[in-house]
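Peer 1: below are the sequence and a predicted model; questions follow.
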Amino acid sequence: THPWARRRAPLDPAELAATPLLLRERGSGTRQVLDAALAAHGGLTAPLLELASTTAVKAAVVSGAGPSVLSELALGEELAARRLVQIPVEAVRLGRDLRAVWPTGQRPAGPARDLLGLTRGSG
């Protein structure tokens, strides 16, 4: 029911930065990416609410408490069921780089190898 859910145009980064959001706590990966991405647009305004888990943030957004920025990977079920709506933001990169590490001389095996196979060349 949030007004952004009816938008036809992408959200302006300055508007996102100026809007009180439901956010993960400082130090979470999602929050670090958002802070860095919006620094050039005035930085984030004071949050509407800070929560310690993505599950808690999703529940608050679904209940109508306010908008948020979360990982698309964490929202698959909610987006598919249309309980949440994805709003594009123009001219802001909200992705993050992940690194895989393993002991010298060992090669990833099993599920770790499979996961790396899915991600190679996707950056």
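Peer 2: Received the coordinates, thanks. Residues are numbered from 1 along each chain as shown.

Peer 1: let me see the ranges of the helices in the chain.
Peer 2: 13-18, 29-38, 54-62, 76-80, 110-119 (DSSP state H).

Peer 1: can you redo the ones you listed as JSON lines with distance to residue 97, mean pLDDT and mean neighbour count?
Peer 2: Quick note: C-beta positions are derived from backbone N, CA and C, even for glycine. Output for the helices of the chain, formatted as JSON lines (distance: least, C-beta to C-beta, whole Å; pLDDT from 0 to 100; neighbours: other C-beta atoms under 10 Å):
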{"stretch": "helix 13-18", "distance to residue 97": "20", "mean pLDDT": "96", "mean neighbour count": "17"}
{"stretch": "helix 29-38", "distance to residue 97": "10", "mean pLDDT": "92", "mean neighbour count": "17"}
{"stretch": "helix 54-62", "distance to residue 97": "19", "mean pLDDT": "96", "mean neighbour count": "17"}
{"stretch": "helix 76-80", "distance to residue 97": "21", "mean pLDDT": "94", "mean neighbour count": "12"}
{"stretch": "helix 110-119", "distance to residue 97": "11", "mean pLDDT": "87", "mean neighbour count": "10"}
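
Peer 1: out of those helices, which comes closest to residue 95?
Peer 2: helix 29-38 (7.4 Å; C-beta to C-beta).

Peer 1: residues touching that closest one, excluding its own?
Peer 2: 13, 16-17, 23-25, 43-44, 54, 69-71, 92-96 (C-beta atoms under 8 Å, 6 or more residues apart in numbering).

Peer 1: and those residues, which of them are buried?
Peer 2: Taking 16 or more other C-beta atoms under 10 Å as the criterion, what is buried in the contacts of helix 29-38 is 13, 16, 17, 23, 24, 44, 54, 69, 70, 92, 94.

Peer 1: measure the third one to residue 34 for me?
Peer 2: Right, residue 17. 9 Å (C-beta to C-beta, to the nearest Å).

Peer 1: between those two, which contacts overlap?
Peer 2: residue 44.
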